[in-house]
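> I'll drop the sequence and a predicted model, then ask my questions.
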Amino acid sequence: MLTKIIVLLAMLAVLFSLFSALFHLTKGGEGSSQKSLKFLIWRLGFSIAIFLGLYLASFFGIIAPHGLPQAHKPATTSAPSANR
């Protein structure tokens, strides 16, 4: 459960930095492009941290991939063999 909370907080940090960069980009003015760049760099760092964190958590067994759900095939019954 702690891993999910950490990943969720990191994703929220990515969204916050992305929208902060958008705000500074559209606001214009002196130094706004530098602030946009700073927030986009933070977003990139958070995204890389999420990716590496999930990879390491999977590697050390903290989380386990579950894969896609498998379609169940209907059970087949074999008829008695006619070869004797």
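Arrived safely, thanks for sending. No experiment lies behind these values; they were computed from the predicted model shown.
> And the helices in the protein, which stretches?
For the chain, applying DSSP state H gives helices covering 2-27, 32-59.
> between those helices, which gets nearest to Q70?
helix 32-59 (20.4 Å; Cβ to Cβ). The C-beta positions use only the backbone N, C-alpha and C, and glycine is treated the same way.
> tell me the average confidence for the closest one?
Mean per-residue pLDDT for helix 32-59: 89.
> List the buried residues in that helix.
By 16 or more other Cβ atoms under 10 Å, the buried positions in helix 32-59 come out as 35-36, 39-40, 42-43, 46-47, 50, 53-54.
> Let's have the helices of the chain in CSV, adding distance to A71.
Shown next, in CSV, are these (distance: least, Cβ to Cβ, whole Å):
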stretch, distance to A71
helix 2-27, 28
helix 32-59, 25
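> L18: neighbouring residues, count only.
Using other Cβ atoms under 10 Å, L18 has 16 other residues around it.
> could we number from 40 for the rest of this?
From this message on, residue numbering opens at 40, which makes the last subject L57.
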